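Asks: Provided below are the primary sequence and the corresponding predicted coordinates.
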Amino acid sequence: MKPILLASTTAAVLAAANLGPAMAQATKPASQVVEWNRTLLVIVRTPGAQPATIHPTRSFAIMHAAIYDAVNAIDGTHKPYLIRVSASHFASQEAAAAGAAHEVLGILYPNFQATLDTQFQQALAQLPSGGRGEGIRIGKTVADRILALRTNDGSNAQPIPYVFGNAPGDYQSTPPNFPKQPQFTHWSRVTPFALERANQFRPGGPPNLTSDRYSDAFDQVKSLGIAGSTTATADEARTGRFWNGAIQNYWNEIAQTASLAHDLTTAENARLFALLNLSFADAVIAFYDAKYAYNFWRPVTAIRAAVMDGNPDNEADPNWLPEVGNTTPDQILMPCSPQNWQRYIWAYQPTPYSSKPSCGVSSPQSRQNRQSRSAWLPDGISLRQVWYDAVHQSSSAAIIRCQRLKCIPLSRPGGSVGARPTRSRMFRKEKGRERASIASSNETPTSLH
């Protein structure tokens, strides 16, 4: 039984992210849910700490599932994710969160046990003694049961040896390093946390190589995605680099900021971070299912080998390399000050400029300030691009899926938020002559990575 639905993440995450312009900071210490989330971020960012064949989203999902079920056993306001335990309402929710997190991380990352033990003792010292022992017991009990259920989930399997194809459209090792094997070839076989199966919502396949749709995408990526592109705007280039990082880490930091700004309770934090990280874990499982189901070549291969694709409209560039190659360290992609993260979150809040509420979340304060919203965005990030990337580009699309039709701002002074900045023309050959392909007003950019 998995009653926490991915779609329900929308309300939880975005309600928490509905930051006002004042961006008030909470004065009391952060919840243990937030503190242990920060601890796990430190661990996965430590070189060599995360096993190379186990995706870190699994650790976040297990820890926050345990925290949620432990805290909810005491709070009793929602259905459990997996584990039901009897608990007194007088037990400490903060102690339960700390107990669950400490137990999970100690098992998953035994080399950090001493550090985790120190943090755990420091956390307990800050908590009232009343109900503390009972909370710890609940947290540890739930954590052990969650861990037991995930013992044989397929994550410890060895990656499946991959055989690269050589036909047009086949996935092939990519320059400049040409790795011998791709990553996480086994991950689609990991048991999902909420999905029934990895391919439950598998997207449709890529377009035919000889189609106009493929040629249009080919031209756009070739022009915008090349290293040192002269056609990509600074906004597009920066956006491509940003989304190339470890997105799940950024979203956890965004959730931390939202939590502190809204002074969420322990139970609210437990639910928020569980929804966020269960969604991410399943999105990654589903992503690798689609990736290795279609085995489609990367843009760098497609553009260098265009002479093989059977499409006369596509011109090869044998030296083409993308602006973004290897994943950039996530610590330096964006300024990580609370102010910048708050501004970034605020850009994501689902408040259209029309009078209709979006996804059950509305902010009169934001509507009053709609003409100056762009001032709250980090440098180089446009409001339109932020919305597009949030809904269409990142694996977090599962979290905020409902914005696709309902939550995108409908209009703004000076034009449509959904409109793409006018581009001169993109030219491609058709039967030996040049023809212009003009981007329509509602065209959305192709991913740069």
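Replies: Yep, that arrived.

Asks: Going by C-alpha atoms from here, please, whenever you check contacts or count neighbours.
Replies: Fine.

Asks: any idea which helix is longest in the protein?
Replies: Secondary structure of the chain per DSSP state H: the longest helix is helix 266-294.

Asks: And that one, what does it pack against?
Replies: In terms of contacts (3 or more C-alpha pairs under 8 Å, 6 or more residues apart in numbering; DSSP states H and E), helix 266-294 is packed against helix 9-16, helix 32-44, helix 56-75, helix 93-108, helix 247-262.

Asks: out of the ones you listed, nearest to L272?
Replies: Among those, the nearest to L272 by C-alpha to C-alpha is helix 9-16 (5.7 Å).

Asks: counting contacts, what elements does the one helix or strand T301 maps to pack onto?
Replies: Secondary structure assignment for T301, by DSSP states H and E: helix 299-304. In terms of contacts (3+ C-alpha pairs under 8 Å, 6+ apart), helix 299-304 is packed against helix 212-224.

Asks: pLDDT averaged over the helix it packs on - what is it?
Replies: What helix 212-224 shows for mean pLDDT is 95.

Asks: okay, that helix in CSV with CA atoms only?
Replies: Extracted in CSV, the C-alpha atoms of helix 212-224 (Å, rounded to 0.1, in the frame of the first residue of the first chain):
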residue,chain,number,x,y,z
ASP,A,212,10.4,17.6,-39.6
ARG,A,213,10.0,17.4,-35.9
TYR,A,214,13.4,15.8,-35.5
SER,A,215,15.0,18.3,-37.8
ASP,A,216,13.6,21.2,-36.0
ALA,A,217,14.9,19.9,-32.7
PHE,A,218,18.2,19.0,-34.3
ASP,A,219,18.7,22.6,-35.6
GLN,A,220,17.7,24.1,-32.3
VAL,A,221,20.0,22.0,-30.2
LYS,A,222,22.9,22.3,-32.6
SER,A,223,22.6,26.1,-32.6
LEU,A,224,21.8,26.8,-28.9
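
Asks: Name the residues of whatever helix or strand comes next after it that are buried.
Replies: Toward the C-terminal end, the helix or strand that comes next after helix 212-224 (DSSP H and E) is helix 234-243. Across helix 234-243, burial judged by 16 or more other C-alpha atoms under 10 Å covers E236, A237, R238, T239, G240, R241, F242, W243.

Asks: Distance check, the first one against F218.
Replies: Going back to what we said before, that points to E236. 17 Å (C-alpha to C-alpha, to the nearest Å).

Asks: For the helix holding T301, give me every contacting residue.
Replies: 169, 172, 174-175, 218, 221-222, 309, 315-322 (C-alpha atoms under 8 Å, 6 or more residues apart in numbering).

Asks: again, only this time at 7 Å
Replies: Contacts to helix 299-304, defined as C-alpha atoms under 7 Å, 6 or more residues apart in numbering, come from residues T174, K222, A316, D317, P318, N319, W320, L321, P322.

Asks: any idea of the mean pLDDT for that helix?
Replies: For helix 299-304, mean pLDDT rounds to 96.

Asks: again, but for stretch 243-253
Replies: Mean predicted lDDT for stretch 243-253 stands at 90.

Asks: Next: stretch 324-332.
Replies: What stretch 324-332 shows for mean pLDDT is 46.

Asks: nearest to F296, of the contacts of helix 299-304?
Replies: Taking these together and measuring to F296 by C-alpha to C-alpha, the closest member is T174, at 12.2 Å.

Asks: got the phi/psi numbers for that closest one?
Replies: T174 adopts backbone torsions of phi -110, psi 150, taken as degrees, to the nearest 10.

Asks: before we move on, back to that, report the buried members of the contacts of helix 299-304.
Replies: Judged by 16+ other C-alpha under 10 Å, buried ones among these: T174, K222, A316, D317, W320, L321, P322.

Asks: and these, which of them are in strands?
Replies: Of the buried ones among the contacts of helix 299-304, none are assigned to strands by DSSP state E.

Asks: Format those residues as TSV; extra columns: distance to T191.
Replies: Compiled in TSV, those are given as follows (distance: C-alpha to C-alpha, whole Å):
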residue	distance to T191
T174	29
K222	37
A316	41
D317	41
W320	38
L321	36
P322	33
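
Asks: quick one: which of the residues you listed is nearest R145?
Replies: R145 lies nearest to T174 out of these, by C-alpha to C-alpha, at 41.8 Å.

Asks: show me what contacts the closest one?
Replies: When contacts are counted by C-alpha under 7 Å, 6+ apart, T174 touches T301.

Asks: T191: what secondary structure?
Replies: Using DSSP: H, G, I helix; E, B strand; the rest coil, the structure places T191 in coil.

Asks: tilt between the longest helix of the chain and helix 56-75?
Replies: 150 degrees (axes from the mean of the first three to the mean of the last three C-alpha atoms, to 10 degrees).

Asks: Can you give me the distance of F184 to I62?
Replies: For F184 relative to I62 (C-alpha to C-alpha), the value is 19 Å.

Asks: Neighbour count for the two, which is higher?
Replies: More crowded of F184 and I62, by other C-alpha atoms under 10 Å: I62, with 26 against 20.

Asks: Distance check, the more buried one against L105.
Replies: Per C-alpha to C-alpha, I62 is found 9 Å from L105.

Asks: and if you look at Y171?
Replies: In terms of C-alpha to C-alpha, Y171 sits 36 Å off from L105.

Asks: Would you format the helices and strands packed on helix 266-294 as CSV with distance to D153 included?
Replies: CSV is the format used below for the helices and strands packed on helix 266-294 (distance: least, C-alpha to C-alpha, whole Å):
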stretch, distance to D153
helix 9-16, 23
helix 32-44, 20
helix 56-75, 10
helix 93-108, 14
helix 247-262, 21
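
Asks: Of those helices, which is nearest I226?
Replies: helix 247-262 (21.9 Å).

Asks: now the closest one and helix 266-294, what's the angle there?
Replies: 160 degrees.

Asks: list the helices and strands helix 247-262 packs on?
Replies: With contacts taken as 3 or more C-alpha pairs under 7 Å, 6 or more residues apart in numbering; DSSP states H and E, helix 247-262 sits against helix 9-16, helix 338-348.

Asks: Compare those helices and say which comes out lowest on pLDDT.
Replies: Mean pLDDT per stretch puts helix 338-348 lowest among the helices and strands packed on helix 247-262, at a mean of 33.

Asks: Tell me how far the residue lying closest to G154 once chain neighbours are set aside lies from P159.
Replies: Nearest residue to G154, sequence neighbours excluded (C-alpha to C-alpha, 6 or more residues apart in numbering): V190, at 4.6 Å. Taking C-alpha to C-alpha as the measure, V190 falls 11 Å from P159.
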